[in-house]
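Chemist: Could you work out the structure for the sequence below:
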Amino acid sequence: MPLVVALLACLCCGLVFVIYRQRHKQQESNARIAWLEAECQQNLEEAKSKHDQFIETLNSLSEGVLLSDSNGHVIFRNNAAHAFTQTRHGNALVEATIQEQLAESRQGKATKKEIQLYGPPDQTLMLHTSPLSNKCALAVIEDISHLLRHEIIRRDLVTNIGHELRTPVGALSVLADAMQNETDSKILLSLSESIGKESIRLTQIVEDLLELSQLEQSLDQHTTVVVMQDVIRRAITRVSGVATQNGTELKVELEAEPVCVIGDSFQLTSAVYNLLENAIKYSESNRPVRVSLTNSNGKAEIAVRDKGFGISRRDQDRVFERFYRVDYSRSSAAGSGLGLSLVRQVALRHDGEITLESEEGVGSTFTIRLPACASPEYLESHKQFSLSYS
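Modeler: Residues are numbered from 1 along each chain as shown. The predicted model follows:
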């Protein structure tokens, strides 16, 4: 009997040990499963974070990126690719070209194709496609319009500088030769006056080039609070002689309260002066030129309107380039072609912009928009502010 009891006791102990071991193994297994689940969850979160960063990086690119699967379906396109393929009047052409080139790349061929879209403004895209594994394909779209435009500007700049300098220099040479063998005092006086005019013209070209170069290199800008009413007044004073000579009436419409910006007073005056001078030069006599100043939604807007010859749509994209001049057969005005380039550089340096609205035979409106600022000290000391022009 005692032996039976002892055997039963041993059997019970064995069962308890087995149960304990099973439970211990189950706990270990559960802990292992929980650890694996946590590890998987962490890996998934890290993978998702890296995926999101990768997508964010692709979306930050200025180039369009598209990925096509083996069936020809576009499974990814970044923000730039959406913008390119939604280009007004050109989305069908761009999309069709992309699909055509991707189809070639899925067959293992890398391609390169230029796509020309006609505006305005004209746009040139360069499409690269490359084959990937599993018959997938990658397309990259790059807007090279600015590169082509810069090349045209560079080529025209070299040509125009030579032309602009050759004209007054050639005239000076001819006039000097003529003076050597001339004895008539009246003719000599006339020739010397012509030499003076050509010298002034040559000096103006060089000064405009130097000023434009300084603006582009961000040199010599003296930043203060500038009252735009004062800027316009000074510009009108400078251009009044040209206006009188051309028989042009200047009409001024200004805000009653001062409109202030942070900037360089000299540069801003030069910009407004160039707009006024252009408007006067390229308008017929006895047609008014209007200049207005408004404070609209935190922007100081200076608009110069003329009823001149107007600018064709073809020329509107290029009038702000250095030395580019519109061919006005009805106008005898001769400029360096640098004025509007100077205006654009001044606007950009003051975190602003310049826009153009024009119609041939009707006239043009150039508008400079600059961030306006408040000047409590000036407003307090100029409560009776007024401008002598009206």
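
Chemist: Only C-alpha atoms from now on, for both contacts and neighbour counts.
Modeler: Noted.

Chemist: ok, Lys113 - contacts?
Modeler: Neighbouring residues of Lys113 by C-alpha atoms under 8 Å, 6 or more residues apart in numbering: 126-128.

Chemist: 6 Å - rerun?
Modeler: When the contact criterion is C-alpha atoms under 6 Å, 6 or more residues apart in numbering, the partners of Lys113 are 126-127.

Chemist: For the helix or strand harbouring it, buried residues please.
Modeler: Assigned by DSSP states H and E, Lys113 belongs to strand 111-117. When burial is assessed from 16 or more other C-alpha atoms under 10 Å, strand 111-117 yields the following buried residues: 115, 117.

Chemist: Now do that strand, average pLDDT.
Modeler: The predicted model assigns strand 111-117 a mean pLDDT of 85.

Chemist: Alpha carbons of it, as CSV, please.
Modeler: The C-alpha atoms that make up strand 111-117 are tabulated as CSV, following Å, rounded to 0.1, in the frame of the first residue of the first chain:
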residue,chain,number,x,y,z
THR,A,111,15.1,56.7,-74.9
LYS,A,112,15.5,60.5,-75.0
LYS,A,113,13.0,62.9,-76.6
GLU,A,114,12.3,66.6,-76.7
ILE,A,115,8.8,67.9,-76.4
GLN,A,116,8.0,71.4,-77.7
LEU,A,117,4.9,73.1,-76.3
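
Chemist: what's the next secondary structure element after it?
Modeler: By DSSP H and E, the next helix or strand past strand 111-117 is strand 123-131.

Chemist: in this protein, which spans are strands?
Modeler: Here the chain has its strands, by DSSP state E, at 64-68, 74-77, 111-117, 123-131, 137-143, 224-227, 250-254, 260-263, 289-296, 299-306, 353-359, 363-373.

Chemist: Compare those and give me the one nearest Ala47.
Modeler: strand 74-77 (17.8 Å; C-alpha to C-alpha).

Chemist: And the contacts of the closest one?
Modeler: When contacts are defined by C-alpha under 6 Å, 6+ apart, strand 74-77 is touched by residues 65-68.

Chemist: Switch those over to a markdown table; also include distance to Lys281, neighbour count and pLDDT.
Modeler: As requested, the contacts of strand 74-77 are arranged in a markdown table below (distance: C-alpha to C-alpha, whole Å; neighbours: other C-alpha atoms under 10 Å; pLDDT from 0 to 100):
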| residue | distance to Lys281 | neighbour count | pLDDT |
| --- | --- | --- | --- |
| Val65 | 48 | 23 | 86 |
| Leu66 | 51 | 22 | 86 |
| Leu67 | 54 | 20 | 86 |
| Ser68 | 56 | 23 | 87 |
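
Chemist: Between those residues, which sits nearest Ala38?
Modeler: Ranked by distance to Ala38 (C-alpha to C-alpha), these are led by Leu67 at 32.7 Å.

Chemist: how near is the closest one to Arg234?
Modeler: In this view, Leu67 and Arg234 are 58 Å apart by C-alpha to C-alpha, to the nearest Å.

Chemist: Ser60 now?
Modeler: With C-alpha to C-alpha as the criterion, Ser60 and Arg234 are 45 Å apart.

Chemist: quick one, which of the two is more surrounded?
Modeler: Neighbours of Ser60 and Arg234, each counted by other C-alpha atoms under 10 Å, are more numerous for Arg234; the result is 18 against 13.

Chemist: Could you find the closest non-adjacent residue to that one?
Modeler: Thr269 (6.7 Å; C-alpha to C-alpha, 6 or more residues apart in numbering).

Chemist: Is it correct that the one you found is in contact with Arg233?
Modeler: No: Thr269 is beyond contact range of Arg233, at 8.8 Å (criterion: C-alpha atoms under 6 Å).

Chemist: Between these two, tell me which one has more neighbours.
Modeler: The neighbour count for Thr269 versus Arg233, taken as other C-alpha under 10 Å, is higher for Thr269 (21 against 17).

Chemist: contacting residues around Asn78?
Modeler: The contact partners of Asn78, by C-alpha under 6 Å, 6+ apart, come to 59, 65.

Chemist: Backbone dihedrals for it, please?
Modeler: phi -80, psi 180 (degrees, to the nearest 10).

Chemist: Quick check: the gap between it and Thr57.
Modeler: Distance of Asn78 to Thr57, given as C-alpha to C-alpha: 9 Å.

Chemist: so who does Ser192 touch?
Modeler: With contacts defined as C-alpha under 6 Å, 6+ apart, Ser192 has no neighbours.

Chemist: Tell me the spacing between it and Trp35.
Modeler: Distance from Ser192 to Trp35, counting by C-alpha to C-alpha: 97 Å.

Chemist: go on, Ile368?
Modeler: Look at Ile368 and Trp35: by C-alpha to C-alpha, they are 64 Å apart.

Chemist: Those two: which has the busier surroundings?
Modeler: Ile368 (24 against 12).

Chemist: Identify the residue nearest the more buried one in space, chain neighbours excluded?
Modeler: Nearest non-adjacent residue to Ile368 (C-alpha to C-alpha, 6+ apart): Ile354, at 4.4 Å.

Chemist: Could you tell me how many residues sit around the one you found?
Modeler: As a burial measure, Ile354 scores 20 neighbours (other C-alpha under 10 Å).

Chemist: i'd like the first residue to be 13 from this point on
Modeler: Understood, numbering begins at 13; the last thing we discussed is Ile366.

Chemist: Touching, it and Thr379? I think so.
Modeler: Yes: judged on C-alpha under 6 Å, Ile366 makes contact with Thr379 at a distance of 5.5 Å.

Chemist: Might you list the low-confidence residue ranges for the stretch 163-312 of the chain?
Modeler: Scanning the stretch 163-312 of the chain for pLDDT under 70 picks out 164-176, 179, 216, 220-234.
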